[in-house]
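> this is a predicted model, with the sequence first.
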Amino acid sequence: MHHVFQRFVERLNDSREPEAFQVAMAEAASAFELPCFAYLRMPRDNRALAALISTYPVGWTDHYLNVHYERLDPVIRVAHQRTEPFEWGLGADDFDLSKQQQTFFDEAAEFGIRCGFTIPIKDARGPVAAVTFASDVRRPEFQRSIQANARVLQLMAISLHAHARRKLYTDIDIKGVHLTARERECMHWAAQGKSRWETGQILKVSAWTVKFHLDNAKAKLGVRTVTQAIARLERAQRYMPLEVSRR
């Protein structure tokens with residue numbers, strides 16, 4: 001256990017992009033016989049998208065973010081209310097589900113997400129994130145790992161959040177609109193005429209990650225296109241080109 005956690009922290013120290021955080025947690029989860037995980041950072045701004053780093057099927061996570069399921073997800077709602085980790089699914093919880101929420105669980109089950117162990121993460125202002133280790137069935141090895149490693153899994157969740165918040169999601173205030181450093185980087189390169197693929201090559205991230213940050217920036221700025229977002233930033237007169245490292 002100590003070796004796994006130490007290796008995990010070392011990987012987090014070296015991580016700078018969502019993909020690297022994903023690999024670090026996936027490697028540690030696998031060592032604990034946990035098949036998949038999801039880190040969901042809840043936005044302070046209701047216009048923004050939730051930030052998600054996970055090994056869940058992409059078809060499910062894309063759908064989840066696009067329809068803002070974080071607002072409906074019973075697991076996230078319970079994570080808002082509790083401070084301690086909790087299990088859910090396949091009889092492990094006592095959720096009082098609405099018809100809409102039951103449909104949500106049915107959809108998740110189609111992607112093999114039927115039960116899990118969720119760790120709420122809060123700060124002085126309330127819930128900020130949650131980390132879930134999930135499975136398709138409540139296998140004995142899954143149960144044993146959760147029961148034996150609950151505390152170290154909680155430490156891993158807190159460590160992941162702390163590193164991600166500092167390296168990926170640091171807010172920058174532009175006339176009342178909070179953009180992360182990475183959102184501004186993506187906007188900067190879009191203003192230079194770079195495509196999502198080209199920006200991804202510069203920042204060493206995927207085109208999908210660039211799209212996520214651009215969509216988030218548009219939502220926060222209340223516009224429909226990247227061009228409109230760029231124009232609004234320029235009008236703010238506080239938008240200055242970033243010196244972006246070509247790592």
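Done, it's in. The structure presented is a predicted model; accordingly, all values stated were derived computationally and were not measured. Numbers count the residues shown, from 1 in each chain.
> contacts, neighbours, all on C-alpha from now
Fine.
> just for the protein, where's the confidence low?
In the predicted model, the chain carries pLDDT under 70 at residues 44-49, 125-126, 170-176, 236-247.
> strands along that one, start to end?
36-41, 51-54, 86-88, 115-123, 126-135, 171-174, 177-180 (DSSP state E).
> got these as JSON lines, with distance to residue 190 and mean neighbour count columns?
Formatted as JSON lines, the strands of the chain follow (distance: least, C-alpha to C-alpha, whole Å; neighbours: other C-alpha atoms under 10 Å):
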{"stretch": "strand 36-41", "distance to residue 190": "25", "mean neighbour count": "22"}
{"stretch": "strand 51-54", "distance to residue 190": "21", "mean neighbour count": "20"}
{"stretch": "strand 86-88", "distance to residue 190": "42", "mean neighbour count": "19"}
{"stretch": "strand 115-123", "distance to residue 190": "33", "mean neighbour count": "22"}
{"stretch": "strand 126-135", "distance to residue 190": "29", "mean neighbour count": "22"}
{"stretch": "strand 171-174", "distance to residue 190": "18", "mean neighbour count": "14"}
{"stretch": "strand 177-180", "distance to residue 190": "15", "mean neighbour count": "18"}
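> now those in JSON lines, with distance to residue 71?
Shown next, in JSON lines, are those (distance: least, C-alpha to C-alpha, whole Å):
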{"stretch": "strand 36-41", "distance to residue 71": "12"}
{"stretch": "strand 51-54", "distance to residue 71": "13"}
{"stretch": "strand 86-88", "distance to residue 71": "18"}
{"stretch": "strand 115-123", "distance to residue 71": "15"}
{"stretch": "strand 126-135", "distance to residue 71": "13"}
{"stretch": "strand 171-174", "distance to residue 71": "22"}
{"stretch": "strand 177-180", "distance to residue 71": "20"}
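> among these, which is nearest residue 231?
Taking C-alpha to C-alpha, strand 171-174 is the member of the strands of the chain nearest to residue 231, at 13.2 Å.
> most centrally placed residue in this structure?
Nearest to the mean C-alpha position of the chain, counting by C-alpha atoms, centre = their mean, stands residue 52 at 2.1 Å.
> how far does stretch 207-214 sit from its chain's centre?
Centroid separation for stretch 207-214 versus its chain: 13 Å, with C-alpha atoms, centre = their mean, to the nearest Å.
> for it, buried residues please.
Neighbour-count burial for stretch 207-214, counted by 16 or more other C-alpha atoms under 10 Å, picks out 207, 209, 210, 211, 212, 213, 214.
> ditto for stretch 2-20
4, 5, 8, 9, 11, 12, 15, 16, 17, 18, 20.
> what is the nearest of those to residue 160?
residue 12 (7.1 Å).
> shouldn't residue 11 be in contact with residue 27?
No. Taking contacts as C-alpha atoms under 8 Å, residue 11 lies outside contact range of residue 27: 9.7 Å.
> the closest residue to the residue nearest to the centre of the chain other than its chain neighbours and residue 75, how far apart?
Of all residues not flanking residue 52 in the chain, residue 40 sits nearest, at 4.7 Å (C-alpha to C-alpha, 6 or more residues apart in numbering). For residue 40, the distance to residue 75 (C-alpha to C-alpha, to the nearest Å) stands at 11 Å.
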